[in-house]
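Asker: Sequence first, predicted coordinates after that:
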Amino acid sequence: MAELRLERLSKVFGGQTVVRELTLTLPQGAFTALLGPSGCGKTTTLRILAGLEQLSAGRLLLGERLLADTRTHVPPEQRDMAMVFQSYALWPHMTVAENVGYPLKLRKVQGAARQKQVMAALEVVELGAYAARSPQELSGGQRQRVALARCLVSEPQIVLLDEPLANLDRHLRATMEQTFREFHRRTGATFVYVTHDQAEAMALASHIAVMHQGELKQWGAPQALYQHPHNAWVARFIGKGSVLSLATPAGVRQLDSALLHEGFGVGERQQVLIRPEHVQVADNGLRAEVEGCVYQGERYMLDLRLHDGQTLSAFHHSPLPLQQTVSVRLTQGWRLEAA
Ligand SMILES: Nc1ncnc2c1ncn2[C@@H]1O[C@H](COP(=O)(O)OP(=O)(O)OP(=O)(O)O)[C@@H](O)[C@H]1O
């Protein structure tokens, strides 16, 4: 077992650079999400890790073992990795058990030994009773669990998952997230999980790599990305929040209420992130007009326009009439780096 190192990985397709100098070290046993909007190069990166795509520049190492550079290309089956796709990729003419046992068949594991490993993998995903069925007789979530069992049976060091929940409805996604968490805990394998859904990445991953236009924008724990995004792009992509232009003292990133309120005065302006949970409707403070109020179940989301014309989102426990003038206090803010 070892860490997976991506060193200045690049991929060019017909003159277009779709992954640019990506450098990342994925710790052994970590659950890493590659997160970014459609077309940012997540799937291409995953396919380079799997060996399904040649890289154009850079190196890929597993511990000290070189898996790929511009001259070396260890074939996928010798990388000790397994991949789970959005489309499940199950064989329709094989039973569930045969699908799960297929990687073992390729490795010439025979008879009772194969049977035992297949059943153990199916038990992990709670599909032991479905071994003799055909994949067509299963729901989407069950099919994805079969794909997971097939991945588990080969005991890979690294599990690569490409938007595995994208085809499932919301309710099932939540259940499957739990299955993935459990699966990760049991196997201890290094997981790399591609998604464009930031809530899914936050819920599952121990580390998130945020990608945009082929480049790594930020890498860190979900909490760190949420609380301390480097720039406005990451701040807007992860969670909700408003980016205000405020005068802030040099060198201070974490801004308290007093500094934030002074920020509306004169001085050089910087971008400051304010999360909606850090805005309180109060008896006194900044004057704002309510421009929107949307019910979200457990609370309301307010769209406010501040006296200087900037807009701000806030959570509130009860609805407020549109156009009402209120006072708000900003309790916490984070100064962003210029793009
Ligand atoms: N085989 C290919 N030939 C040419 N261009 C490609 C190829 N594969 C991907 N691309 C391009 O590379 C870019 C990145 O694609 P990729 O599938 O990695 O993005 P993604 O972030 O996974 O997007 P999505 O979330 O939509 O799957 C896109 O502009 C895509 O059109």
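Answerer: Nice, thanks for sending it over. Numbering: from 1, shown residues only.
Asker: For stretch 92-110, list every residue counted as buried.
Answerer: T95, V96, A97, E98, N99, V100, G101, Y102, P103, L104, V109 (16 or more other CB atoms under 10 Å). (Each C-beta comes from the backbone N, C-alpha and C, glycine too.)
Asker: what mean pLDDT does it have?
Answerer: For stretch 92-110, mean pLDDT is 91.
Asker: can you tell me the distance between the two ends of that stretch?
Answerer: Start-to-end span of stretch 92-110 (CA to CA, to the nearest Å) is 22 Å.
Asker: ok, back up a step: which of the buried residues of stretch 92-110 lies at the shortest distance from M211?
Answerer: Top of the list for closeness to M211, among the buried residues of stretch 92-110 and by CB to CB, is P103 at 29.4 Å.
Asker: In space, not sequence, find me the middle residue of this protein.
Answerer: Nearest to the mean C-alpha position of the chain, counting by CA atoms, centre = their mean, stands A201 at 2.9 Å.
Asker: Please list all residues in contact with the residue lying closest to that residue once chain neighbours are set aside.
Answerer: Nearest-residue entry for A201: A33, 3.7 Å, with adjacent residues in sequence omitted and distances by CB to CB, 6 or more residues apart in numbering. Contacts were defined as CB atoms under 8 Å, 6 or more residues apart in numbering; by that measure A33 touches Y193, V194, T195, E200, A201, L204, A205, H207, I208, A209.
Asker: Over to P156?
Answerer: So P156 contacts D80, M81, A82, A189 (CB under 8 Å, 6+ apart).
Asker: Which element, helix or strand, includes the nearest residue to the last one once chain neighbours are set aside?
Answerer: Spatially, and ignoring its direct neighbours in sequence, A189 is nearest to V159 (5.0 Å; CB to CB, 6+ apart). Element membership of V159 [criterion: DSSP states H and E] is strand 158-162.
Asker: ok, now A235?
Answerer: Applying DSSP H and E as the criterion places A235 in helix 232-237.
Asker: packing partners for that helix?
Answerer: Helix 232-237 sits against strand 207-212, strand 215-220, strand 242-247, strand 269-274, with contacts defined as 3 or more CB pairs under 8 Å, 6 or more residues apart in numbering; DSSP states H and E.
Asker: can you state the direction angle for the first one and strand 215-220?
Answerer: Between the direction of strand 207-212 and that of strand 215-220, the angle (axes from the mean of the first three to the mean of the last three CA atoms, to 10 degrees) works out to 160 degrees.
Asker: pLDDT on strand 207-212, on average?
Answerer: Taken as a whole, strand 207-212 has a mean pLDDT of 97.
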